[in-house]
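Undergrad: Quick one: sequence and predicted model below, then my questions.
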Amino acid sequence: MKTLLKIFAGLIALLLIVVVAGGILLGMFFDPNEYKPEIKQLALEKGGIQLEIDGDLGWSVFPWLGIEINQIKVNYPGQPQLAELNQAQVSVELPALLSGNVKMSSILLDGLTLNLEQSKQGNNWAVAGAAQPSPESTPETAAEASGGAAIALDIESIAITNGNISYNDTTTGSKVLLKNFSMTSGKVTTGTYFPAELSFQAEQYQADKKQLTVDAALSAEFFLDLAKQQYNIKGLASTFGLSGVAFNDKTVQVKLNSDIEANLANQTATLKDMSLSAANVVAKGDVSVTNFSKPVISGNLNVAQFSLQALLAALGQPAIETSDPEVLKAISFNAQLGGAANTLGLNKMSLKLDDTRFNGSFAMNLATGSIAFNMKGDELNADRYLPPASEQPAPASSNSKAKSTGYSKEPVIPVELLKGLNMDVDLGLTKLLINQLTLTNLELATSAHGGLVNISKLNADMYSGTLRNSVIVDVRKSPTKLTVNKNISNIQIGDLLMDMAEVDRLTGTFNTQAKITAQGDSVHAIVNSLNGNAHVTMPDGAVKGIDIAQTICQGFNNISALGIDADQVDRSTPFADLSSNFKFTNGVISNQDLITKLDAITLRGKGSVDLPAQDLDYRLGLTIEENLFKKTCAVNNNLEGVEWPVNCKGSFDTAPAQLCRPDTSVLKELLKQKAKKQLEGKLMDKLGGGEEGSKTESAKKLLKGLFGN
């Protein structure tokens, strides 16, 4: 915008140069058209531009010093054509000008065309190598230049028609066209309001493909006081029709109405009774700005209730699919604007999302871009906003032997985005329902500065217990480093499973503490670099419906002569003091001390899970410590103290039924010993109960031959 203003000011200066030159020539009673070469030379020397005048020059002398120029072209030496002008007319009343006032007849600019080109070599609107003015050399304002004397304007009307501006940046492939620009005004005088209207069409292209089209029309009454540097706009009414790729070729109407007051001397600006509407969204408020160098912003903003789904439809976007079709239809927002200098602050901010209310604040430093955001909400049922349930794909065949292709090496951590973050966020929610789970007192506290993201709080209360977690992501150096601290205490696992899957199979209090580190930007790198420790405990629990006693008794009952009534066994398995430690070493999780008490049974486990190789090698051992379940399932003393192992070994793609199998060698050995003793007893009876030593020895040799020992 500054560049366009400079170009426009340059054209006005050019007209003044021509007026002065033409005035001199007129004073000598010569036809100015005969002096086009001198005018062109003067433009080159004074303005540094090449000027081509293809049309006629017209002059008037007294009482109006006027000029009419037709068909001129402008460019900097060695640069593509910058501007064209079909016709310009301007005249100044000499007696008024000599008295310090500017009184003009109508100003006409027709067919103004600006062609702005940006390339790797530079641009066509500045002289190559030209020094830019320093802040100390910034031109004075009109009031300062005249020693504070008032300058009075009196212009019959201003008309700019058929204006066209193009900006083409070959370095980015972007192009912007401003077409059919027109502006008309009533009589322009200092110190009183005058009407003006403006309209244009704008198009934005990327790689020669149109992305956005804007049809704009503005009207208002304007007030100018050059001496006091006071500029007001009353009754601004503007409409913008937006269409393009982002809107799926639909047209979105945007309207802005407001009264604007600006005092450059006091560095203040105010938007009063502002109303901004886009499709079905209407925002209203008042905004004031003081101290333009370090602005202090105050005011208020209110967005009336609207439907997000209706807004998306108006923008040509698909609706958000939700489980509850009635959500996202009642959204509203309001806030007070205020804060320190150079800060955009939203205080007493309130957001209503259907039945949920959020309150908080927002502040952005306009100099550094840093953000501080605080928001607390009451109760949110997130299940209403989740996509509707869909049919799940059929599970893969259990006979599949194909191994997973492994973990992706594509980056999943947006390193550059995280490096650019400069923010502090504190979010909270009193109650959250999600995936049938109920969480309360949720907290999320995050600071992100210079590539160090510290999620110091990722907390919630749930099912009589607590979750207290923290995460650090450090992308300041490569590779990315991740640190996770997890602390889960006193979660009632039975209530959790009931809400998650309506499964009433397990009760107990779940606890875990873990500290895990990893590095890298991809899933592959993270999995292969997992290191740390975790401790899990679960005291005083019970497994329901999957009673180990029933399974063991039924198995024993299939062994003849044990005499077990499996139907009498209690259909639950209480356990106590489940405890275990896990160690992570470059993605391999090892565990050597899993232990829990199941009534008169002890369950032990040890082994490892190799995440990089996607393999499992784990052994579970069940030991009967005493007579199993007392009277309901008497067990032969020979089975006490014997470990019954289950080996789980294979890849992650192995079918569960094939992954874990009991170690039948132990059972075979017990059966073999039992059968041997029974047969030995029968043989001894037949041989006389062992009265004769020769018979006994013969029986033993026979058994040894049968059983191989």
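TA: Thanks, I have it.
Undergrad: any idea how far the nearest residue to residue 200 once chain neighbours are set aside is from residue 218?
TA: The shortest distance from residue 200 to any residue that is not its chain neighbour, by CB to CB, 6 or more residues apart in numbering, is 4.3 Å, and that residue is residue 181. Where C-beta positions appear, they are placed from N, C-alpha and C, glycine not excepted. Distance, residue 181 to residue 218, using CB to CB, to the nearest Å: 12 Å.
Undergrad: and the two? which has more neighbours close in?
TA: The neighbour comparison of residue 181 against residue 218 (other CB atoms under 10 Å) goes to residue 181, with 20 against 17.
Undergrad: May I have stretch 345-361 exported as PDB, CA atoms only?
TA: Backbone C-alpha positions of stretch 345-361 (Å, rounded to 0.1, in the frame of the first residue of the first chain) are rendered in PDB as follows:
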ATOM      1  CA  GLY A 345      -5.500  -8.400  24.400                       C
ATOM      2  CA  LEU A 346      -8.900 -10.100  24.800                       C
ATOM      3  CA  ASN A 347     -10.000  -9.900  28.400                       C
ATOM      4  CA  LYS A 348     -13.100 -11.400  30.100                       C
ATOM      5  CA  MET A 349     -13.300 -13.600  27.000                       C
ATOM      6  CA  SER A 350     -16.400 -15.800  26.900                       C
ATOM      7  CA  LEU A 351     -17.100 -18.600  24.400                       C
ATOM      8  CA  LYS A 352     -20.300 -20.600  24.200                       C
ATOM      9  CA  LEU A 353     -20.200 -23.900  22.300                       C
ATOM     10  CA  ASP A 354     -23.700 -25.400  22.400                       C
ATOM     11  CA  ASP A 355     -24.200 -26.300  26.100                       C
ATOM     12  CA  THR A 356     -20.600 -25.700  27.200                       C
ATOM     13  CA  ARG A 357     -19.200 -22.300  28.400                       C
ATOM     14  CA  PHE A 358     -15.500 -21.300  28.300                       C
ATOM     15  CA  ASN A 359     -14.000 -18.200  30.000                       C
ATOM     16  CA  GLY A 360     -10.500 -16.900  29.800                       C
ATOM     17  CA  SER A 361      -8.100 -14.400  28.200                       C
END
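Undergrad: so after whatever helix or strand residue 67 lives in, what's the next helix or strand?
TA: Residue 67 belongs to strand 64-75 when elements are defined using DSSP states H and E. Note on strand 64-75: by DSSP H and E, the next helix or strand toward the C-terminus is strand 83-93.
Undergrad: which residues are in contact with both of residue 181 and residue 218?
TA: Common contacts of residue 181 and residue 218, defined by CB atoms under 8 Å, 6 or more residues apart in numbering, comprise 198-199.
Undergrad: picking up where we left off before, list the contacts of the residue nearest to residue 200.
TA: When contacts are counted by CB under 8 Å, 6+ apart, residue 181 is found next to 112, 160, 162-165, 198-200.
Undergrad: Out of the residues you listed, which is nearest to residue 478?
TA: Of all these, the one with the least separation from residue 478 (CB to CB) is residue 165, at 44.9 Å.
Undergrad: The closest one: what's its closest spatial neighbour, skipping adjacent residues?
TA: Using CB to CB, 6+ apart and skipping the chain neighbours, the partner closest in space to residue 165 is residue 178 (4.0 Å).
Undergrad: hang on, that neighbour packs against residue 163?
TA: Yes - taking CB atoms under 8 Å as the contact criterion, residue 178 and residue 163 are neighbours in contact, 7.5 Å apart.
Undergrad: what about burial for the contacts of residue 181, which qualify?
TA: Among the contacts of residue 181, the ones that count as buried by 16 or more other CB atoms under 10 Å are 112, 160, 163-165, 198-200.
Undergrad: secondary structure element for the most centrally placed residue in the chain?
TA: When the chain is reduced to its mean C-alpha position, the nearest residue by CA atoms, centre = their mean turns out to be residue 417, at 9.8 Å. For residue 417, the host element (DSSP H and E) is helix 415-420.
Undergrad: got any ranges where the stretch 251-400 of the chain has weak pLDDT?
TA: Applying pLDDT under 70 to the stretch 251-400 of the chain flags residues 390-400.
Undergrad: I'd like the next helix or strand past the helix holding residue 417.
TA: Proceeding C-terminally, helix 415-420 gives way to strand 422-434 as the next helix or strand, assigned by DSSP H and E.
Undergrad: For that next one, which helices and strands make contact with it?
TA: Here strand 422-434 touches strand 371-381, strand 437-449, going by 3 or more CB pairs under 8 Å, 6 or more residues apart in numbering; DSSP states H and E.
Undergrad: mind giving me a markdown table with these and columns for mean neighbour count and distance to residue 535?
TA: As requested, these are arranged in a markdown table below (neighbours: other CB atoms under 10 Å; distance: least, CB to CB, whole Å):
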| stretch | mean neighbour count | distance to residue 535 |
| --- | --- | --- |
| strand 371-381 | 16 | 33 |
| strand 437-449 | 17 | 23 |
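Undergrad: Tell me which of those strands sits nearest to residue 92.
TA: Nearest of those to residue 92, taken as CB to CB: strand 371-381 at 52.2 Å.
Undergrad: Give me the angle between that closest one and strand 422-434.
TA: Angle of strand 371-381 versus strand 422-434, following axes from the mean of the first three to the mean of the last three CA atoms, to 10 degrees, is 0 degrees.
Undergrad: Strand 371-381 - contacts with which helices or strands?
TA: In this structure, strand 371-381 makes packing contacts with strand 343-353, strand 356-365, strand 422-434, judged by 3+ CB pairs under 8 Å, 6+ apart.
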